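S.K.: 3D model of this:
(2 chains)
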There are 2 protein chains.
Amino acid sequence: MSKSIFYHAGCPVCVSAEHDIVNLIGSENVELVHLGEDRSRITEAEKAGVQSVPALYTPNGHVLHINFGASMADVKG
Amino acid sequence: MSKSIFYHAGCPVCVSAEHDIVNLIGSENVELVHLGEDRSRITEAEKAGVQSVPALYTPNGHVLHINFGASMADVKG
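M.R.: Coordinates of the predicted model:
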């Protein structure tokens, strides 16, 4: 199975959701991307359809926005 | 692993998210509950913390609200 990508920004909501997603689908099946620390991935996330974090980009190209931590505007600062 | 519970109401956003979640964690690991058809489960969902659908209640007791289909007020009608 292709990996999913979990985009987050280190916020408490993000960290909690990250733990839940890793528990559910396994750490080997998801790449964790901290957009606050790896700002070069922001454009990629936006192109994928990420509007807020935390969000999970699935192998079939869908974006699951999970709860709400911060908007992409907040992430970009 | 205990099962997660995916609460939904049959809306397009719900159906899309359901497919994604089943693909990601496996149908054997998630119970699908249609709150529009099984209204006796609405109270349980609210007690679990579900505020909108679709939502995934994880084995460790967290609720992941995934995208946004309808509020629980809408589901209750």
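S.K.: Could you report the distance from the nearest residue to residue A:16 once chain neighbours are set aside to residue B:11?
M.R.: Excluding the flanking residues, the one nearest residue A:16 by CB to CB, 6 or more residues apart in numbering or on different chains is residue B:62, at 6.7 Å. From N, CA and C alone the C-beta is placed, and that goes for glycine too. Distance, residue B:62 to residue B:11, using CB to CB, to the nearest Å: 22 Å.
S.K.: now the helix or strand in which residue A:70 is found against strand B:63-71, angle please.
M.R.: Element membership for residue A:70, per DSSP states H and E: strand A:63-71. With axes from the mean of the first three to the mean of the last three CA atoms, to 10 degrees defining the directions, strand A:63-71 sits at 100 degrees from strand B:63-71.
S.K.: Can you name the next helix or strand after strand A:63-71?
M.R.: helix A:72-76.
S.K.: for that next one, which positions count as buried?
M.R.: Neighbour counts over helix A:72-76 (16 or more other CB atoms under 10 Å in any protein chain shown) mark A:72, A:75 as buried.
S.K.: who touches it?
M.R.: Applying CB atoms under 8 Å, 6 or more residues apart in numbering or on different chains, the set of residues contacting helix A:72-76 from outside is A:9, A:35, A:36, A:42, A:45, A:46, A:50, A:51, A:52, A:53.
S.K.: Could you export it as PDB, CA atoms only?
M.R.: The C-alpha trace of helix A:72-76 is given here as PDB (Å, rounded to 0.1, in the frame of the first residue of the first chain):
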ATOM      1  CA  MET A  72      -3.200  26.900   6.300                       C
ATOM      2  CA  ALA A  73      -3.200  30.700   6.500                       C
ATOM      3  CA  ASP A  74      -2.100  30.400  10.200                       C
ATOM      4  CA  VAL A  75       0.500  27.800   9.200                       C
ATOM      5  CA  LYS A  76       2.000  30.200   6.600                       C
END
